[in-house]
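Asks: Test case, fold it:
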Amino acid sequence: MLPLFPLQTVVYPGERLPLHIFEERYQQLINDCENDGISFGVPTYINNKLDYGTEVKLQKVSKKYEKGESDVVCVGTRIFRIKNFFKRFPGKLYAGGDVEFLTDNDSTAEELQEELLKNIAILYVELTIENPPSFDIPFISYQVAHKIGLALHQEYHLLTLRSELERLNYLIGHLKITIPVVREMNRAKEVIQMNGHFRNFDPLDFEDFKL
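Replies: Coordinates of the predicted model:
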């Protein structure tokens, strides 16, 4: 059984997760992580359901407060799916569940990784983002997912995909839809800013004009 800390967010393997711990049940959970070296799961609470999530390990306690609150940093490790959920882990205040840890079905494709990175670069140019983040190649889908404008349900869907190939195709598809929308928004912004200004138009010669 795995201790559970449900949140309305998606955590990916390898991702750092800063948390401010203030509820008594989760203060107890962090104390157990410190004292016993246990890990816990962060299932995504979405559509009033708990299904998929990511196991995390406590990396460090950044600060402790007088009333028991703390600031901690955790890191994601493995993806799981909940088989049975219990509001109380045996003998504890926090929740727990029987989970199945999931593995990927295949390796990735370099061409798709390169295509994804090219599309991200285009998006960042359109958004005029300065100093864009850099990404490592292995399992790049998890690294970029929070940085390309995915909605929560899209980030969650990515979490459920069991191959890097599927994840790369999903992210590329998202960018191919998003980039034209951003371009159109930029064009609209330019039109609004030009309102009332003098504009140059190419004169029409009417040589091929028909009524």
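Asks: can you tell me how far the residue nearest in space to the middle of the chain sits from Pro133?
Replies: In the chain, the residue lying closest to the centroid (CA atoms, centre = their mean) is His146, at 3.6 Å. In this structure, His146 and Pro133 are 10 Å apart, going by CB to CB, to the nearest Å. Backbone N, C-alpha and C define where each C-beta goes, glycine included.
Asks: again with Tyr45
Replies: Counting by CB to CB, the gap from Tyr45 to Pro133 is 27 Å.
Asks: pretty sure Gly68 contacts Gln27?
Replies: Yes. Using CB atoms under 8 Å, Gly68 is in contact with Gln27, at 5.0 Å.
Asks: partners of Phe85 in the sheet?
Replies: Per DSSP bridges, residues listed as beta-bridge partners of Phe85: Gly97.
Asks: Buried residues, the helix or strand of the chain with the lowest mean pLDDT. List them.
Replies: In the chain, the helix or strand scored least confidently by mean pLDDT, DSSP states H and E is helix 164-194, which has a mean of 89. For helix 164-194, burial by neighbour count (16 or more other CB atoms under 10 Å) applies to 164-172, 174-175, 178-179, 182.
Asks: again, but for stretch 56-70
Replies: In stretch 56-70, counting by 16+ other CB under 10 Å, buried: 56, 58, 70.
Asks: Stretch 33-53 too?
Replies: Buried-residue list, stretch 33-53, by 16+ other CB under 10 Å: 33, 40-46, 50-53.
Asks: quick one: which of the residues you listed is nearest to Glu110?
Replies: Closest approach between the buried residues of stretch 33-53 and Glu110, by CB to CB: Tyr52, at 27.3 Å.
Asks: and the least confident helix or strand of the chain, how far out from the chain's middle?
Replies: 18 Å (CA atoms, centre = their mean, to the nearest Å).
Asks: Check stretch 124-131 too.
Replies: That offset, for stretch 124-131, works out to 19 Å (CA atoms, centre = their mean).
Asks: Check the model's average confidence along that stretch for me.
Replies: What stretch 124-131 shows for mean pLDDT is 88.
Asks: Pull the residues that contact it.
Replies: 132, 179, 182-183, 186 (CB atoms under 8 Å, 6 or more residues apart in numbering).
Asks: I'd like the residues you listed written out as TSV, with distance to Ile82 added.
Replies: Listed next are the contacts of stretch 124-131 as TSV, based on distance: CB to CB, whole Å:
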residue	distance to Ile82
Pro132	35
Ile179	36
Val182	36
Arg183	41
Asn186	42
